[in-house]
Structure formats: structure tokens, C-alpha cells
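[1] How does the following fold in three dimensions:
(2 chains)
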2 protein chains.
Amino acid sequence: MKHILSAKNPQVKEWKKCLTKKERDKTGTFLVEGFHLVEEALKANAIKHLIISEEIEMPAWDYGDISVTIVTKEIILQLTDTETPQGIVALCEQYRDEQALLTGKSFIALDQVQDPGNLGTIIRTADAAGIDAVIVGDGTVDIYNPKVVRSGQGSHFHLPIIKQNLPEFIEGLKEKGVSVYGTSLENGVNYREVPAAESFCLIVGNEGNGVSKEVLLATDKNLYIPIHGKSESLNVAVAAGILMYHFV
Amino acid sequence: MKHILSAKNPQVKEWKKCLTKKERDKTGTFLVEGFHLVEEALKANAIKHLIISEEIEMPAWDYGDISVTIVTKEIILQLTDTETPQGIVALCEQYRDEQALLTGKSFIALDQVQDPGNLGTIIRTADAAGIDAVIVGDGTVDIYNPKVVRSGQGSHFHLPIIKQNLPEFIEGLKEKGVSVYGTSLENGVNYREVPAAESFCLIVGNEGNGVSKEVLLATDKNLYIPIHGKSESLNVAVAAGILMYHFV
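    Numbers count the residues shown, from 1 in each chain, chains lettered A, B, ... in the order given. Below you'll find the predicted structure:
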């Protein structure tokens, strides 16, 4: 077990780089912070390196042969965007399994969802609903942004989250006979009128503008969730949740 | 139309106090920022005073006889917790109508929900679903916290949000024959097995601990949303959305 006490140590600088999208894309890694996320990463066998503050006691988990470095509280603070970290960080491998593109039957696809909390919450809900994969189109916030990972509550380790060009992805699904449902308040079908199905792809869109026209034109049907009160729309993560639980 | 250019002006200090819960409770007012929220407040006839930055153009709305003060950008920054305000703030009256306690048929009640984004999103969803009132139990984040108001997207002006002692409120509903449903992953009934009804009260709970035991014991039934994947639970605002749309 190594000890690093200086924040200027080159290894610390290497880890810190993973807070940028560029480095995450290049290395296929990302950082998670806190007991819950690190435990989920451990269960998923996704940890490449574990970094623990000298101020905390290591939980009695089965670490196998994972390499561990003990660091100062200040170094932990540099490796996370939370102000009050729990003192435990894991450098993890991204779950890049694209097999689900071929074998998956249920998908939720995101078109330019920009709020990290919304993306993370949709990933968490997709996991709960038993969806086979989350598909992330161009213009959506980075999957491994620390806030997305935190809202995901560990689901990043449970189901594939795959970047795709949405119009091309939709074409592929339609050729396989999978029903593709966009969401749109205008010219849509009430979601309750569409029965649950074994294979489907739901598409939700940007917080302000919804699903883009190009994508809406490529779907089989576009659905809406009725608004009974005076609210103009639903939060995208709530809408995605209502639809996913309707279809599964 | 008044102009105030000094952030030390006593009127600015008075407005600023409304960023604290204490002052909001005392005066029955709260501040909203941004075009969308101010327009919703205007439509609801809830504005006591309008405060506009000298840097923006006033939207061409019908202001009636609302008093307006023009201020500097610096003063606007002091009246909001957002870093990039749009330059328009309204001092609003709280919607304190408790009539819905007597006449309402559909309720969502919150037991110690602590994240402002979750509370605001539940208020917004309740509005969309056509729920008659949101009931806020002890230990839940302040209804008029600026982040709650922002996530509420204007629904604070559309439906009553009423503080109540939950066990007492539940007793009252049961006497009137309203079905009261808690939520619990343990010893619960799958929500799909309970049919939609004209009158009901749903209760969702704290992000970490769920609905408290005392409240769960007072309900008619406790429901769960099945988890098909490896996620441990759903976000409380998503769960509330799925249940509200199931029952309406």
C-alpha cells in the first residue's frame, strides 16, 4: 500500500486529469467518490485503483488484489467536485459493452439532455425498470461527468450506456422491427393508448426544446403524457420514468 | 417607477431578507427570479412588487397597477441565489389557500424530503398530474427555498402547498374515507395492483430513509414500485411521478 502526501505528486496529477471529459474519453476511465459508489464499483469489478484518505477507516470489504494508495484529505478534495467528500475515491473503468446494441430489446434514448442530474436520474431509473441499455445521442451531457455519476447512484456499473447517432440508431431498430417512440407535446399519441411491449425504444429530449424534429420524424410514433393541471411540461427525468414504467 | 442604484438602500435590504426562511414565514412572501417565473407570478396575480435590472428591457406584459423599481445588476445579484440571473425579480405572495384540505380529493404528501430539486420537481409533477394539493410534513425542506421554487417552474402559483402534521392529516383523511397510500420497499403492495381512484393520498419520503415508520403505520396500504434491475431504489421525484400518473 502506497502513501502519497503531496498534492504535487505526478500520480495525483494523473488522477486529477480524469475530472476532464477529454481524459476520460482517451483513457476509458472515470473517478467515483463516496462509500456507496465505490462499493458499487467494487461489486462490478470496475476499480482500477482505490484512493483513500488517511483520515478514514477502510470499510471491511473484500478488495481482492486492487491496488490502494493512502492520501491526505487535501488530495481527496482535488479528485472530486463535491465540497464534503467522504474520503474514498476509485479510478474506474468505463462499462463499454456495446453488445446490447445487438441483443437488447428495451432502450431509452436521450436527445440533447443537458442537465447532469437529469441524465444521472434517467440512468438510475432505466436500471430500476430493467431497461437493456441507455442510448446517448449527440449533444447530451457527458455520461461520466461527476454529477451524472453521482445522480446515477451506481447504475453506471449496471447497464450499458452507449453513445450513438440517434437517426442512424433508430433506422437500425426499425429494420429489426423494434417500435420506436419519441415524445412530443404536439401531434403525439397519449402514452396510455400504447400497450406495453417486449421490445421498444423510448426517446426523451432536451429540457427546453424536447426531442429534435429530425429525430421525431424518424420514429414510429410520438407519445405525450397528458398535462391535467396548469404546469407546462414535466421534468424530463420524471417523464422518462413514467414512460419506462408504463412500457416494462 | 422608482430607481434604486445603491445596494445599501434600506429597501434592498428588506427584499434581501426574503432569501431567509424566517422572513418568508413571517411575511408570507418570497422572491422569484427570471422571465418564466415572474410571468407565472404575474398571471397568478401574486406579485407584490417587481424589481427589474436597468440592463434589460421590460417584457411587454400587462402589469396592471403593480409597482416597479429599476435597480442595478449588482442589486439583482443580491436578490437571487443564481449566478447568472436574467435581471427580473418579483416579490410574491405565498399561495396560502387551505381550502383544499376540506375540498381536495387527491393529495401527494411528503415526509422529510430534503433535496430542494426533488421537492420542486414533485410540486411541478403534482400540478401536471392535476393533484389537488401538495402536503408537506415536518422535516421537509422549505417550500419557498429559491431552489425549490426554481425546480417548481411556476407550479407554486398553481396549486396549494400546505404544511401539515402528517399523522394528524392522515387520520383526518381516513375519517373522510380517502385511501391513504404510503410507499415502502418492504412489506408493500405492488402499485400496479391498486386501481386508480377518485380520491387518494400518496405519501413519499426521505431520500435516504423513505417514509418514517410512524407514518407507514398510519396508512391504509403501503405501495412499492418494482425494481427489475440492480438499482437499489428510484429517485423520490421519479417515484412520485410514476405513482401520481398511475392514480390520476
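[2] The longest helix seen in chain A close to chain B?
    When every helix of chain A is counted residue by residue (DSSP state H), the longest turns out to be helix A:116-129. Yes: for helix A:116-129 and chain B, the contact criterion (Cβ under 8 Å from any Cβ of the partner chain) is met by A:Gly117, A:Thr121, A:Arg124, A:Thr125, A:Ala126, A:Asp127, A:Ala128, A:Ala129. Just so you know, the C-beta spots here come from the backbone N, C-alpha and C atoms, and that holds for glycine as well.
[3] if I pick the first one, what's in contact with it?
    Put plainly, it is A:Gly117. With contacts defined as Cβ atoms under 8 Å, 6 or more residues apart in numbering or on different chains, A:Gly117 is in contact with A:Lys147, A:Val148, A:Ser151, A:Ala237, B:Gly117.
[4] ok, now the last one?
    Each residue near A:Ala129 by Cβ under 8 Å, 6+ apart is listed here: A:Gly241, A:Met244, A:Tyr245, A:Val248, B:His228, B:Gly229.
[5] How many residues are close by the spatially closest residue to A:Phe107 that is not a sequence neighbour?
    Nearest-residue entry for A:Phe107: A:Cys201, 4.1 Å, with adjacent residues in sequence omitted and distances by Cβ to Cβ, 6 or more residues apart in numbering or on different chains. Using other Cβ atoms under 10 Å in any protein chain shown, A:Cys201 is surrounded by 27 other residues.
[6] How about the residues of chain A by chain B?
    Counting by Cβ under 8 Å from any Cβ, chain A comes close to chain B at A:117, A:121, A:124-131, A:151, A:153-155, A:158-159, A:225, A:227-235, A:237-239, A:241-242, A:245, A:248.
[7] As a check, name the ranges of all strands in chain A.
    Defined through DSSP state E, the strands belonging to chain A, from first to last, are A:2-4, A:29-33, A:47-53, A:68-71, A:88-93, A:106-111, A:133-136, A:161-163, A:179-183, A:189-190, A:200-205, A:221-224.
[8] weakest of the ones you listed in terms of mean pLDDT?
    Least confident of the strands of chain A, judged by mean pLDDT, is strand A:2-4 with a mean of 87.
[9] quick one, domains of chain A?
    When chain A is parsed into structural domains using automatic domain parsing, the resulting residue ranges are A:2-93, A:100-247.
[10] how about the ones you listed, which one is nearest B:Ile88?
    Taking Cβ to Cβ, domain A:100-247 is the member of those nearest to B:Ile88, at 18.0 Å.
[11] Quick one: end-to-end length of the closest one, please.
    Start to finish, the residues bounding domain A:100-247 are 18 Å apart (Cα to Cα, to the nearest Å).
[12] coming back round to it: among the residues of chain A next to chain B, name the buried ones.
    Neighbour counting by 16 or more other Cβ atoms under 10 Å in any protein chain shown classes A:117, A:121, A:124-131, A:151, A:153-155, A:158-159, A:225, A:229-231, A:233-235, A:237-239, A:241-242, A:245, A:248 among the residues of chain A next to chain B as buried.
[13] So which of these are in helices?
    Checked against DSSP H, these include these in helices: A:117, A:121, A:124-129, A:151, A:237-239, A:241-242, A:245.
[14] low-scoring stretches of chain A, by residue?
    Along chain A, no part satisfies pLDDT under 70.
[15] How far away from the center of its chain is stretch A:58-68?
    The chain centroid and the centroid of stretch A:58-68 are separated by 25 Å, computed with Cα atoms, centre = their mean, to the nearest Å.
[16] same thing with stretch A:146-156?
    From the chain centre to the centre of stretch A:146-156 is a distance of 6 Å (Cα atoms, centre = their mean).
[17] Tell me if I'm right that the residue nearest to A:Phe107 and A:Gly177 touch.
    No: here A:Cys201 does not reach A:Gly177: they are 11.5 Å apart, not a contact under Cβ atoms under 8 Å.
[18] coming back round to it: could you check the angle helix B:236-247 makes with the longest helix of chain A?
    Using axes from the mean of the first three to the mean of the last three Cα atoms, to 10 degrees, the inter-axis angle of helix A:116-129 relative to helix B:236-247 is 60 degrees.
[19] Next, the angle from helix A:116-129 to strand A:106-111.
    Going by the same axes, to 10 degrees, helix A:116-129 makes 170 degrees with strand A:106-111.
[20] quick one: A:Asn187 and A:Val215, what's the gap?
    14 Å (Cβ to Cβ, to the nearest Å).
[21] Show me which of these two is the more surrounded one.
    Neighbour totals were compared for A:Asn187 and A:Val215, and A:Val215 leads with 23 against 8 (other Cβ under 10 Å).
[22] Was I right to think that one contacts A:Ile135?
    No: using Cβ under 8 Å, A:Val215 is not in contact with A:Ile135, being 11.4 Å away.
[23] Quickly list what's touching both of these two.
    Residues touching both A:Val215 and A:Ile135 (Cβ under 8 Å, 6+ apart) are A:Leu166.
[24] Quick check: closest non-adjacent residue to A:Ile227.
    In space, and not counting its chain neighbours, A:Ile227 is closest to B:Ala128: 4.9 Å by Cβ to Cβ, 6+ apart.
[25] who's in contact with that neighbour?
    Contact criterion Cβ under 8 Å, 6+ apart gives A:Ile225, A:Ile227, A:His228, A:Gly229, A:Ser231, A:Ser233, A:Leu234, B:Ser155 as the residues in contact with B:Ala128.
[26] Please identify which of these is nearest to A:Leu19.
    Of all these, A:Leu234 has the smallest distance to A:Leu19: 31.7 Å, by Cβ to Cβ.
[27] Quick check: the closest residue to that closest one other than its chain neighbours vs B:Glu207, distance?
    Nearest in space to A:Leu234, with sequence neighbours left out and distances taken as Cβ to Cβ, 6+ apart, is B:Ala128 at 5.3 Å. For B:Ala128, the distance to B:Glu207 equals 22 Å [Cβ to Cβ].
[28] Then A:Leu42?
    As it turns out, when the distance is counted by Cβ to Cβ, A:Leu42 lies 23 Å from B:Glu207.
[29] Which one's more surrounded, these two?
    Counted by other Cβ under 10 Å, A:Leu42 and B:Glu207 do not tie: A:Leu42 has more neighbours, with 20 against 15.
[30] List the contacts of that one.
    Under the criterion of Cβ under 8 Å, 6+ apart, the contact list for A:Leu42 reads A:Trp61, A:Asp62, A:Tyr63, A:Ile66, A:Ala90.
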